[in-house]
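**Student:** Predicted model and sequence below, questions to follow.
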Amino acid sequence: MKSKYLSFAKNAGIGALAGLAAGAGVSELADLISDNHTANAIASTISEYVAAYSAFLPLHARDNKDIYTKENGRFNWKSFIKDQAKLAGCFVILDIVYLTGRPYLAKEFLESGIEPAKASLYADFISYPALFAASFPIAKITGNIRKANSDLNDNKT
C-alpha cells in the first residue's frame, strides 16, 4: 500500500475489529461463568486490548517491510521493537484511561440490563473514537508512520 497513513488505518481497523470481536465474545463467555459485572468488564477489556495489538503488530510489520528491512534483507526487529515501544510509551496515558474507563463503561451498561456483547460494543463505541483520533499523530511522531529510508531503497535497486 503506497500511503503509510492508509496502511496504518487499515491495520488499526483490522486490529480494532479483532478487538471488538474478542471483547464481545469474552463478555458473553464471562457472563456464562459469573454474574460479576466487574469481572466481566475487566475480562472483556483485557481480551480486547490483547487481541487488537496481536492483530495490529504483524500487519504493521508486513506492510512496512520497506522501513523494517536491513540492507541484507533481514527484518530489523530492533527498529520495529523500538518503534512499538515508542508508540506504547506515548499511548501510556490513553491506555491507562482506556484500561480503567472502558471496564467502568461496560459494567454500567451491564448493570443497566444490556446484553454482555452489546455492553462491550457500546463501551467501545464511546472509547474507540478517542483512541483512533490520537493514534495517527502519535504514530507519526513516533515513526510508526514514515517513509522508508532512502539509503535502503537505493541499495535494493
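**Tutor:** Here it is on my side, so go on.
**Student:** Tell me the spatial nearest neighbour of Tyr128, not counting adjacent residues.
**Tutor:** Ala16 (6.3 Å; C-beta to C-beta, 6 or more residues apart in numbering). In this view, the C-beta of every residue, glycine as well, is placed from N, C-alpha and C.
**Student:** ok, the one you found - contacts?
**Tutor:** 52, 128, 132 (C-beta atoms under 8 Å, 6 or more residues apart in numbering).
**Student:** for the protein, what spans make up the helices?
**Tutor:** Remark: helices assigned in the chain by DSSP state H are 4-33, 37-63, 65-68, 77-90, 92-111, 116-142, 150-156.
**Student:** and those, which one's lowest on average pLDDT?
**Tutor:** Comparing mean pLDDT across those, the weakest is helix 150-156, with a mean of 41.
**Student:** I'd assumed Gly15 was in contact with Ser135.
**Tutor:** No. Assessed by C-beta atoms under 8 Å, Ser135 is found out of contact with Gly15, at 10.0 Å.
**Student:** didn't Ser127 look like it was pressed against Leu105?
**Tutor:** Yes. Contact criterion C-beta under 8 Å: Ser127 and Leu105 qualify, at 6.9 Å.
**Student:** Please tell me which one of the contacts of Ala16 counts the most neighbours.
**Tutor:** When neighbours are counted by other C-beta atoms under 10 Å, Ala52 leads the contacts of Ala16 with 23 neighbours.
**Student:** For Ser135, see how far away Ile141 is.
**Tutor:** Distance check for Ile141 against Ser135: by C-beta to C-beta, to the nearest Å, it reads 11 Å.
**Student:** Tell me which of these two has more neighbours.
**Tutor:** Ser135 (22 against 12).
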